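Student: Here is a sequence together with a model predicted from it:
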Amino acid sequence: MSMSSDDLASENTLVPTLCVSTIDVSLANASRKTIESIKLMKNDESLRDVQKTICAGGVHREEFSPPLTLDPNDRISVSVNCSWPVRPALWGKRIVDIPININQDDTECKRDDAITSYRKKTRNVEVLVTGNHSFPSTTTSIIQTCSRFRLLIIGNSGVGKSSLLHKVFGVEGVRASDTNRGIADIDQEFVSPTNERFVVHDSLGFESGDEGNMKVVKDFVARRKAMPELKDQLHAIWLCLETPYAGGRLLDGGVEEFLKRRQEILGQIPLVVVLTKVDQLDIQLELDPPANEDVGQYKSRYLDKYCIGPLHKAAGSDVTHVAVSVQDGYSESLTELVKAMGKNMAESHVDEAPRLVASIAQRVSIKQKIELSIAVGKKRYWRMHLKCAVLHIQTMEEYLQVIRKDVVTAWNFNDPRQCLMDDNIIGALLRPDEPVDTSKAPPNMTSFASFASLLGSALEALKCLSGSGEVILSLAGVAADITISTARIVRETYREAKGDVRILMAYVVDLICIMQAIFLLTSGGRVAVTTKTVDLAVQAYEEPRKIVHRIVKAFDGKLGRDRVLDEIEELIWLHSIADHEIEGFRRKIGEVLATCSS
Ligand SMILES: Nc1nc2c(ncn2[C@@H]2O[C@H](COP(=O)(O)OP(=O)(O)OP(=O)(O)O)[C@@H](O)[C@H]2O)c(=O)[nH]1
Ligand SMILES: [Mg+2]
C-alpha cells in the first residue's frame, strides 16, 4: 500500500491518552455572575455533580485519583449553572455549557515537561483541564474487557483433566481426585494464584442412560451465556476422553448422546474433543507391534477407526479433536491443542478479547505468544512512527515501558516478585552498543547459527562453570553491567539516534527474544521467575543480540511505516524458537542447570 508523505505524517504522529488529574472551573474577576452548580461529563457519561457557590474571581477544583483517562476522541463537557442580579431581589439564571475537545483548535494547549493543560473560556467562565500524557497499554484494555479465559472441562474421573490443565496453563490442584463431587460443582470456579488469566469449571463425564449431567451442562452454558460481562461468559469447552489403546470404545452411550446433541446443548460455544493419554497407545504399539504394517500407518488407521470415525459419526465431521499426552516427548501435542482451540474460537466468532486472553493464559506455545505480542503491539503503538518533534525523552521512556508491559503481560509468566517489570531489564536491553562498522553489509542470519542454537549454546557454555557459586558470581558481573539507570541509557541512546525508529525495532525484538529464553527456563511460566532466570536469559541472549543490533543498525529508518512493521516482524520470526524445538531445548537446559548447581 502506498501512502503520501502527508498521510504518513498524520498517521505517524503519536496521540497519547491524557490522564487528567484536575479540572478547574473559575469565574473571571469582572463577572457579575455567581456559579451555583457545576456538572462535569465525559462524552455522555456524568462524572461529577457539584453544588457549590463560586463568586467572581473564585476557582473550584475537581481532582481525579486515579486519573481520568481521555482518549483522543473523547470529549469533556462542563455545564455551569449561573445566576446574576437582574434587579434588586430578582436573579436571572442561565446555564453556560463549555464542551472541551482537547484536539480542537479552539482549546488552548500548553505543555510543560510532562504536564499538559487545556484551557477554554466562554462568557467569563474558564475551564482548565490538567494532566499528563501517557501511552495506553493494549493489554490493560484487553484485560479490562475480559480479565480471564474461562474454560469448562468435562471428563470422567481419571481421564487426565488436572494433569492437562497443569501442563497447558500451569495451574495446580484444580481438583483432587478424591473429593466428593456433587452436581452443583459445575458452578464452582477454580482459579490459581499462579495464573491469573485463567479460570476453569470442572464437570463430570456423561454416564450411559443418564440425562442428568447433560442437563447440568446445558443449564450451566445457558446461565453463563446470559451473563452480561465477557469475563463471566464461557469461552470454550474441552471434552476429555481417554484414547482407547486395546481396541476399547472411545464413546460410551452417554458421550455419544451428548455429541449428537452438542448444538442444542452448547450453542455457539467452541468445543474441543481432547483424546488424552495418547502415549499409552504408543506404548501398546511398541509392546505389540503390528505384524505387516508400518507403526505410524497402523496408528493413524487405528485412530481413524476407533476415534475419529466414531467422533465424526456422532458429532459431525466439523468437530475439533486433538490427541494429547502430558508425558515427556509430547509437548507438541499440547501446542496443537491450544492452536486448534484458538482456530475454533475464531471460527465460532468468540470476541477478540477472550481470544487474546486465551493466548495470554496458555503456557505451551511460543508461536502463539509471538503472534500475540505482534498483534498487541500492532494494535496501537507499533503503528506510530517515533518522531522527535512529538516525543520528548521522557515520553520515549514511558513509551518503551508500555511496550514492555504489554509484552510481559502477553507472555504471562509466573513472576511473583515482578522481576520482569524491574527497570534493570530495560537497562540491559538498551545499553549502548559498542560502535560497529555499519558500512559493512549486515550479517546474513543464515550464515550464523539460528537464534535457537545460539541461545542453546550460550546456556551450554554455563556448563564450564563448575559450582553454582561461580555461576552466580558470573551472573552478578552481568547484572552490574546492566544496572545503569534506565533513564540515562534511554537518554544517551535517544540523543544519538534522534528518535530513530530503530530503537523501537531493536527493543521489541530484544524483548521478545528474552521472553523466549525465559519461556524455556521456566517451562513456559509454570516455574516462578527469579532474578537469576532473567540474568540467565539476558546472558544467553548476548550473542544473538549483537546480530539483531547489527541488522537493525543497517536498516534504513526513513522508510515508510509498513516497511518498518514488516522488518520488525521478520526479525522477530527470524529469531524465534519453533514449538517443535521447545522440548529439546528444555531438556538441554535442564541438564545444564543441573550440572551447574550440582
Ligand atoms: N500415561 C499417561 N498418564 C496420564 C496422562 N495424564 C494423566 N495421567 C495419569 O492419569 C491419572 C489421573 O490423572 P488426573 O489428571 O488426576 O485425572 P482427572 O481427570 O483430573 O481426574 P479427577 O480429578 O478424578 O476427575 C494420574 O495418575 C495421571 O498421572 C497422560 O497423558 N499419559
Ligand atoms: Mg482432576
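Tutor: Arrived safely. Ligands and ions are numbered 1, 2, ... in the order given.

Student: From here on, just use CA atoms for contacts and neighbour counts.
Tutor: Noted.

Student: Next one: S157, what pLDDT does it get?
Tutor: S157 carries a pLDDT value of 90.

Student: An error on my part: the question was meant for E207.
Tutor: 82.

Student: what about it, which SS state?
Tutor: coil (DSSP: H, G, I helix; E, B strand; the rest coil).

Student: burial count for it?
Tutor: 16 (other C-alpha atoms under 10 Å).

Student: pLDDT on stretch 420-432, on average?
Tutor: 65.

Student: ok, then the element right after the host helix or strand of E63?
Tutor: Remark: E63 resides in strand 59-70, with elements defined by DSSP states H and E. Sequence order places strand 76-87 as the next helix or strand after strand 59-70, per DSSP H and E.

Student: any residues touching that following strand, and which ones?
Tutor: With C-alpha atoms under 8 Å, 6 or more residues apart in numbering as the contact definition, strand 76-87 has outside contacts at 32-43, 91-101, 127.

Student: sorry, back to before: listing partners with orientation, what would you give for the strand holding E63?
Tutor: Sheet pairing of strand 59-70 (DSSP bridges) gives strand 17-27 (antiparallel).

Student: mean confidence for the strand it pairs with?
Tutor: For strand 17-27, the per-residue pLDDT averages 89.

Student: same check, this time on stretch 358-367
Tutor: For stretch 358-367, mean pLDDT is 96.

Student: same question, stretch 374-392
Tutor: Rounded mean pLDDT across stretch 374-392 is 56.

Student: is it true that V129 touches S117?
Tutor: Yes - with contact defined as C-alpha atoms under 8 Å, V129 reaches S117; the gap is 5.5 Å.

Student: quick one: which of the two has more around it?
Tutor: Just comparing V129 and S117: by other C-alpha under 10 Å the higher neighbour count belongs to V129, 23 against 20.

Student: Tell me the confidence at the more buried one?
Tutor: 91.

Student: Could you tell me which of the contacts of strand 76-87 count as buried?
Tutor: 33-42, 93, 96-101, 127 (16 or more other C-alpha atoms under 10 Å).

Student: Measure how buried the nearest residue to D232 once chain neighbours are set aside is and give me the count.
Tutor: Nearest residue to D232, sequence neighbours excluded (C-alpha to C-alpha, 6 or more residues apart in numbering): R224, at 6.6 Å. Residues lying near R224 (other C-alpha under 10 Å) number 17.

Student: doesn't R224 fall inside a helix?
Tutor: Yes - counting by three-state DSSP, R224 is part of a helix.

Student: what about A226, how many neighbours?
Tutor: 11.

Student: before we move on, back to that, got the angle between the strand holding E63 and strand 76-87?
Tutor: Inter-element angle recorded for strand 59-70 and strand 76-87: 160 degrees (by axes from the mean of the first three to the mean of the last three C-alpha atoms, to 10 degrees).

Student: So what touches strand 59-70?
Tutor: Taking C-alpha under 8 Å, 6+ apart as the rule, strand 59-70 contacts 17-27, 54.

Student: So which of those residues is the closest to Q297?
Tutor: Nearest to Q297 among the contacts of strand 59-70 is T17, at 58.0 Å by C-alpha to C-alpha.

Student: mind listing what the helix or strand harbouring I38 pairs with, with the direction of each?
Tutor: Per DSSP H and E, I38 falls inside strand 34-42. Using DSSP bridges, strand 34-42 pairs in its sheet with strand 45-54 (antiparallel), strand 76-87 (antiparallel).

Student: between these, which gets nearest to V322?
Tutor: Taking the strands paired with strand 34-42 one by one with C-alpha to C-alpha, strand 45-54 is closest: 47.2 Å.

Student: Show me what the nearest residue to L128 once chain neighbours are set aside is bridged to.
Tutor: Closest residue to L128 apart from its sequence neighbours, by C-alpha to C-alpha, 6+ apart: R119 at 4.6 Å. Counting by DSSP bridges, R119 forms beta bridges with E108, L128.

Student: Hmm, R119 is touching V125, no?
Tutor: No - using C-alpha under 8 Å as the test, R119 is too far from V125 to be in contact (10.7 Å).

Student: For the helix or strand that V272 is a member of, the averaged confidence score.
Tutor: Assessed by DSSP H and E, V272 sits inside strand 271-276. On average, the pLDDT along strand 271-276 is 97.

Student: list the helices and strands the very next helix or strand once past it packs on?
Tutor: Next helix or strand after strand 271-276 toward the C-terminus (DSSP H and E): helix 278-287. Using 3 or more C-alpha pairs under 8 Å, 6 or more residues apart in numbering; DSSP states H and E as the contact test, no helix or strand touches helix 278-287.

Student: Number the residues from 31 up from this point.
Tutor: I'll keep to 31 as the first residue from here, and by that count the last item is helix 308-317.

Student: tell me which element V557 falls in.
Tutor: Going by DSSP H and E, V557 is not part of any helix or strand.

Student: Would you quantify the distance from it to K343?
Tutor: 41 Å (C-alpha to C-alpha, to the nearest Å).

Student: and what of D309?
Tutor: 25 Å.

Student: For these two, indicate the residue with more neighbours.
Tutor: Ranked by neighbour count (other C-alpha under 10 Å), D309 and K343 place D309 first, with 19 against 13.

Student: how about the nearest residue to that one, chain neighbours excluded?
Tutor: Here the residue nearest D309, using C-alpha to C-alpha, 6+ apart, is S355, at 6.0 Å.

Student: which residues sit in contact with the one you found?
Tutor: 194, 306-309, 361, 363-364.

Student: run the last query once more with 10 Å
Tutor: 190, 193-194, 197, 273, 304-310, 361-364 (C-alpha atoms under 10 Å, 6 or more residues apart in numbering).

Student: Same check on R279?
Tutor: Contacts of R279 by C-alpha under 10 Å, 6+ apart are 272-273, 336-337, 340.

Student: Name the member of the residues you listed with the most neighbours.
Tutor: T273 (26 neighbours).

Student: and the chain, which residues reach ligand 1?
Tutor: 186-193, 205-207, 306-307, 309-310, 355-357 (C-alpha under 6 Å from any ligand atom).

Student: let's see it at 8 Å
Tutor: Within the chain, the positions near ligand 1 by C-alpha under 8 Å from any ligand atom are 185-194, 204-208, 234, 270, 306-310, 354-357.

Student: I'd say K63 and G88 touch.
Tutor: No - at 11.1 Å, K63 and G88 do not qualify as touching, with contact defined as C-alpha atoms under 10 Å.

Student: Touching both of these two, which residues are there?
Tutor: Joint contacts of K63 and G88 (C-alpha under 10 Å, 6+ apart) are L57.

Student: need the contact list for the nearest residue to H265 once chain neighbours are set aside.
Tutor: Excluding its sequence neighbours, the residue lying closest to H265 (C-alpha to C-alpha, 6+ apart) is R180, at 5.4 Å. By C-alpha under 10 Å, 6+ apart, R180 lies in contact with 219-221, 227-231, 260-267, 384, 387-388, 391.

Student: Can the one helix or strand R180 maps to be said to contact ligand 2?
Tutor: Take DSSP H and E as the rule and R180 turns out to sit in strand 179-184. No - applying C-alpha under 5 Å from the ion, one finds strand 179-184 separated from ligand 2 by no less than 10.0 Å.

Student: Counting neighbours, show which residues of that strand come out buried.
Tutor: For strand 179-184, by 16+ other C-alpha under 10 Å, it's 179-184.
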